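Peer 1: Quick one: sequence and predicted model below, then my questions.
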There are 2 protein chains.
Amino acid sequence: MARVFNFSAGPSTLPVEVLEQVQSELLDWRGTGMSVMEMSHRSPAFESIIRELEADLRTLIGIPDSYAVLFLQGGATQQFFQIPMAFLGDGYADYIITGEWGKKAYETARPFGKVNVPWDGADTNYNRLPVDFFTDRFAAYTHFTSNETVHGVQFPGDPEITGTWVADMSSDICSRPLDVTKYALIYAGAQKNLGPAGLTVVIARRDFLAGSSNTLPPYLDYRQHDKAGSLLHTPSCFAIYVTGLVIKRLQALGGLPAVDSVNRTKAEIIYNQLDGYFYRGHARPDARSLMNVTFHLPSEALTKRFVEESRAAGLDGLAGHRSVGGIRASLYNAMPTEGTRALAEFMTEFRQQHG
Amino acid sequence: MARVFNFSAGPSTLPVEVLEQVQSELLDWRGTGMSVMEMSHRSPAFESIIRELEADLRTLIGIPDSYAVLFLQGGATQQFFQIPMAFLGDGYADYIITGEWGKKAYETARPFGKVNVPWDGADTNYNRLPVDFFTDRFAAYTHFTSNETVHGVQFPGDPEITGTWVADMSSDICSRPLDVTKYALIYAGAQKNLGPAGLTVVIARRDFLAGSSNTLPPYLDYRQHDKAGSLLHTPSCFAIYVTGLVIKRLQALGGLPAVDSVNRTKAEIIYNQLDGYFYRGHARPDARSLMNVTFHLPSEALTKRFVEESRAAGLDGLAGHRSVGGIRASLYNAMPTEGTRALAEFMTEFRQQHG
């Protein structure tokens, strides 16, 4: 078996140790005589899996009891409408748009009520961040995307915020320390830093959830999921299990400060290759993402060749998103440092040959 | 490794051959150098997996091109509101209630408009079926549940129906031949007969979908999923892959007529144990489910003992649902005939000891 280095933007690479553990217990999870895929979600075995994930996530991130931790389905795409349906009411919300995903969140929310856009980076094709982070105390909530995978733009940490903030952290949750108390609600699809696709993690202040709409179907009512411990209906059991193993591994690696340190090193290795003429970064230096490094080559022909030759060299998933073009290297938690070194070496050689 | 016979109502047992294949290719799917869990949903490898599943499902069931086949998330619980949101409009819908799940579907639909209940089996605790299957040509749709897992009540086949029918087939899809052309829309959570939890299969007449609401968020708009080949957003990739393997196996076993024949044999083995005094069936004989056999023992103490001793004998998940009590043996496709024989033997011995 030859594993490649997988730079996909998501679903994306998982720690090989986690995959090996999943493989070893695939037909018999710890003496139960069955796969996690076969377990009733009401069984003591699965109860232990989901409650352990919740406890481990609370420890890893530092989530107080005043916040619910929910394991839902539907990815960020579901949150894009579930949030306005629950919280917009007769008021209004602000959407800060720093890229493709923030724009989708905004467009999905619009039909549900009054939605403002206090800041939008479209005019420079989303390569930068807002200078000031304002607080609108009358908004039902203000929404932003902590990391934009398509454009490779990331807030350098929790912004200096007060008020009611909702953040899409799909692509950088658990990649660095996080102060959840700054947020009313955080959501994240699992398939980048946490685990397989099909699972959404929601972390939300319970007193914020208390004010949500009372006319939602149970599936869309965060409070009902909270009350049921995310077992309101059959959840995405296998993804919950795999995510549990990933979270345990992050803790064993030293927790989020240690993970952050490795991620900074990895990103630096690639950003150091950007020279401004052969490899030109898309994001401005002060807006650069540690998760998704986006850059352009001098021509489309060279870009195509880069993608093909890197794939042949065991570096997969490097083609940029169609709306930005060029190359995108996603360096989520599970991308090993040696993978980024291999890519950097490839970049050096490719430039020597074609620069 | 000692595998148990898992009689859970869902998530439930999977074919051991499928689990073995998943295990063998868990770290490297067919030379791609990555797990299916790690694949971009936009990659050629994953495209081949999802398109092959669609093609195989169309062949296995016999689904014409005039029907969309969609791979969604959120289970039946999501369909309970997605369907009325899409199709109720200013009209009304009929809900035939033959058990717990039909009732939940009805209760979730109610806030979205006018919903009638032309038949409800509550007065005999859902142990029977409607005698006649009427057609209401003015209803936006008529909804029923082909198999009720909690009460163990199942329609003996596609009912004689005309009109616009929507069926929840979560617990008996692909367990027997099916004439999809009788239905406007069929939905099924995967976690009983098809694969792991986190995946919902929807089979719907495209001209029925064409009439759905135009004001839905993309995630809830069946037409957008159809247009995008179920890749509108990141789907439940791993569950799609495992389900693909399950469907291939059903085809290899001889297709749905062969599967049906085995399922009939399995159910008969258990129903033959019901003697009317020690083991008393919940469902009336003409409403008996081939998927979930529900029965009562003479006392709660004996029921508890039955569950404990059967578990010790490697027969897992036999406790009945709290709303019916007693014992429930779920005999989905992947339960081997030898599992039902083992249960029947246990039942005989248990009666000899305690009867």
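Peer 2: Looks like it arrived, so ask away.

Peer 1: Name the residues of stretch A:228-236 that are buried.
Peer 2: A:229, A:230, A:231, A:232, A:233, A:234, A:235, A:236 (16 or more other C-beta atoms under 10 Å in any protein chain shown). C-betas here are computed from N, CA, C, even on glycine.

Peer 1: Show residues contacting it.
Peer 2: Residues outside stretch A:228-236 that contact it (C-beta atoms under 8 Å, 6 or more residues apart in numbering or on different chains): A:41-42, A:47, A:50-51, A:54, A:70-73, A:198-199, A:218-219, A:224-225, B:10-11, B:73, B:75-77, B:189, B:191, B:197-198, B:236, B:239.

Peer 1: With pLDDT as extra columns, can I get the buried residues of stretch A:228-236 in a markdown table?
Peer 2: Shown next, in a markdown table, are the buried residues of stretch A:228-236 (pLDDT from 0 to 100):
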| residue | pLDDT |
| --- | --- |
| A:229 | 98 |
| A:230 | 98 |
| A:231 | 98 |
| A:232 | 97 |
| A:233 | 97 |
| A:234 | 97 |
| A:235 | 98 |
| A:236 | 98 |
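
Peer 1: hang on, the earlier thing: mind checking which of the contacts of stretch A:228-236 are buried?
Peer 2: A:41-42, A:50, A:54, A:70-73, A:198-199, A:218-219, A:225, B:10-11, B:73, B:75-77, B:189, B:191, B:197-198, B:236, B:239.

Peer 1: What about the residues you listed, which are in helices?
Peer 2: Members of these lying in helices (criterion: DSSP state H): A:50, A:54, A:225, B:75, B:76, B:77, B:239.

Peer 1: ok, so of these, who is nearest residue B:292?
Peer 2: residue B:76 (15.0 Å; C-beta to C-beta).

Peer 1: So for that closest one, what's the pLDDT?
Peer 2: Looking at residue B:76, its pLDDT is 98.

Peer 1: Check residue A:21 too.
Peer 2: 98.

Peer 1: What residues does the stretch 101-250 of chain A have near chain B?
Peer 2: A:108, A:111, A:189, A:191, A:195-199, A:215, A:217-220, A:232-239, A:242 (C-beta under 8 Å from any C-beta of the partner chain).

Peer 1: how about the strands in the stretch 251-355 of chain A?
Peer 2: Ranges of strands in the stretch 251-355 of chain A, per DSSP state E, counting those that start in this stretch, are A:280-281, A:292-296, A:315-316, A:327-330.

Peer 1: any idea where the helices of chain A begin and end?
Peer 2: Under DSSP H, chain A gives helices at A:16-24, A:44-61, A:75-87, A:100-109, A:206-209, A:222-227, A:237-252, A:255-271, A:300-312, A:337-354.

Peer 1: Now do the buried residues in the fifth one.
Peer 2: Read it as helix A:206-209. A:208, A:209.

Peer 1: sorry, back to before: taking the ones in helices among the buried ones among the contacts of stretch A:228-236 together, which two end up most distant?
Peer 2: Maximum distance among those (C-beta to C-beta): 24.5 Å, for A:54 and B:76.

Peer 1: what's near enough to touch residue A:112?
Peer 2: A:81, A:84, A:85, A:88.

Peer 1: In strands, which of the residues of the stretch 101-250 of chain A next to chain B appear?
Peer 2: residue A:189 (DSSP state E).

Peer 1: how many neighbours does residue A:258 have?
Peer 2: For residue A:258, the count of nearby residues is 13 (other C-beta atoms under 10 Å in any protein chain shown).

Peer 1: oh sorry, the question was meant for residue A:290
Peer 2: What residue A:290 shows, counting by other C-beta under 10 Å, is a neighbour count of 23.

Peer 1: Kindly report the same for the one 3 residues further on.
Peer 2: Under the neighbour criterion other C-beta under 10 Å, residue A:293 is assigned a count of 28.

Peer 1: pretty sure it is in contact with residue A:329, am I right?
Peer 2: Yes - judged on C-beta atoms under 8 Å, residue A:293 makes contact with residue A:329 at a distance of 4.5 Å.
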